[in-house]
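S.K.: Quick one, what's the 3D model for this:
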Amino acid sequence: MVKTVLWYFLGWTVLVLSYPVLLLIKWHELRGQTKQQQNLVNRISRRLARYLFRLTGSTVRLSGLDNLPPSGAVLFVSNHQGHMDSLIIQGFIERPKGFISIVEVLRYPIIRTWMKQIRCVFLDRENARQSAACINQAVDQLRNGHSMVVFPEGRLSDGPEVGPFQRGWLRLATKSGVPIVPISISGSYRVLAKDGSRVDAAQVDCVISPAMRPKDLKKVDEAAFIEAVRQQILSHVHPKTEG
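M.R.: Okay, the predicted model is just below:
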């Protein structure tokens with residue numbers, strides 16, 4: 001209990017202290033200094049993500065970085081065990097990236113500002129028209145060279161299981177033409193409880209698999225391709241992960 005309270009206190013303290021950096025980022029933006037703005041956003045957002053994760057006492061074992069295409073945007077496709085998945089992907093995979101997130105995240109001050117700065121897009125699952133606009137916005141970002149992250153299960157599994165993948169995410173790849181990079185996360189559900197009530201230290205494994213190309217869809221149907229991506233991710237997810 002004490003550890004959980006301490007994590008929330010220190011985490012929010014650091015986020016509040018990051019606000020002057022957001023003001024500096026905004027200053028660069030207003031002056032049209034895009035390169036300085038993006039460099040600062042990428043550097044500090046990754047540091048914040050790593051700090052908030054490590055504050056739990058947890059560690060990440062990352063493998064497969066050599067599977068990343070050397071340049072250009074990619075669509076990261078990951079399983080979704082817990083709330084820490086976004087921090088792990090943002091903090092420990094260096095490539096600048098935004099996330100397909102749920103609109104409910106916009107309730108949280110400072111967090112929402114950082115997420116907007118790393119170019120996340122926010123999906124309202126109750127609004128079909130807004131969801132379509134969200135997909136188009138993400139496609140534009142990919143076409144413009146900015147990588148994106150999607151969790152196609154559409155929910156937290158809160159365990160080692162990998163649920164069925166929704167189909168809508170595939171349009172991000174087929175419309176933009178960027179490579180799909182599968183990510184397998186094991187053990188993150190042990191770090192922060194689904195309801196946010198408990199924080200524990202755990203070893204988390206994050207495996208990056210070789211890129212898959214949308215052009216491969218010509219050889220199989222969409223459902224088979226989506227399942228192939230899911231099976232690739234599943235092949236590196238541990239059924240049980242010790243802390």
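S.K.: Pick out the residue nearest the middle of the protein.
M.R.: Ser86 (3.9 Å; C-alpha atoms, centre = their mean).
S.K.: what residues are up against that residue?
M.R.: Ser86 makes contact with 49, 99, 101, 149 under the criterion C-beta atoms under 8 Å, 6 or more residues apart in numbering. Backbone N, C-alpha and C define where each C-beta goes, glycine included.
S.K.: Please apply the same query to Ser58.
M.R.: If you count contacts by C-beta under 8 Å, 6+ apart, Ser58 has them with 84, 191, 200-204.
S.K.: before we move on, the earlier item: max pairwise distance over the contacts of Ser86: which two?
M.R.: Ala49 and Ser101 (13.9 Å; C-beta to C-beta).
S.K.: C-alpha coordinates for the strand or helix carrying the residue nearest to the centre of the chain, PDB please?
M.R.: Under the criterion DSSP states H and E, the helix or strand holding Ser86 is helix 85-92. Extracted C-alpha coordinates of helix 85-92, given in PDB (Å, rounded to 0.1, in the frame of the first residue of the first chain):
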ATOM      1  CA  ASP A  85       2.800  -1.100 -21.800                       C
ATOM      2  CA  SER A  86       2.700   2.400 -23.200                       C
ATOM      3  CA  LEU A  87       5.500   3.600 -20.900                       C
ATOM      4  CA  ILE A  88       7.600   0.600 -21.900                       C
ATOM      5  CA  ILE A  89       7.200   1.100 -25.600                       C
ATOM      6  CA  GLN A  90       7.700   4.900 -25.400                       C
ATOM      7  CA  GLY A  91      10.600   4.800 -22.900                       C
ATOM      8  CA  PHE A  92      12.700   1.900 -24.100                       C
END
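S.K.: Mean confidence (pLDDT) on that helix, please.
M.R.: Mean pLDDT, computed over helix 85-92, is 98.
S.K.: can you give me how far the helix or strand following that helix is from the chain middle?
M.R.: For helix 85-92, the following helix or strand on the C-terminal side (DSSP H and E) is strand 97-102. Averaged C-alpha coordinates place strand 97-102 at 6 Å from its chain's average position (C-alpha atoms, centre = their mean, to the nearest Å).
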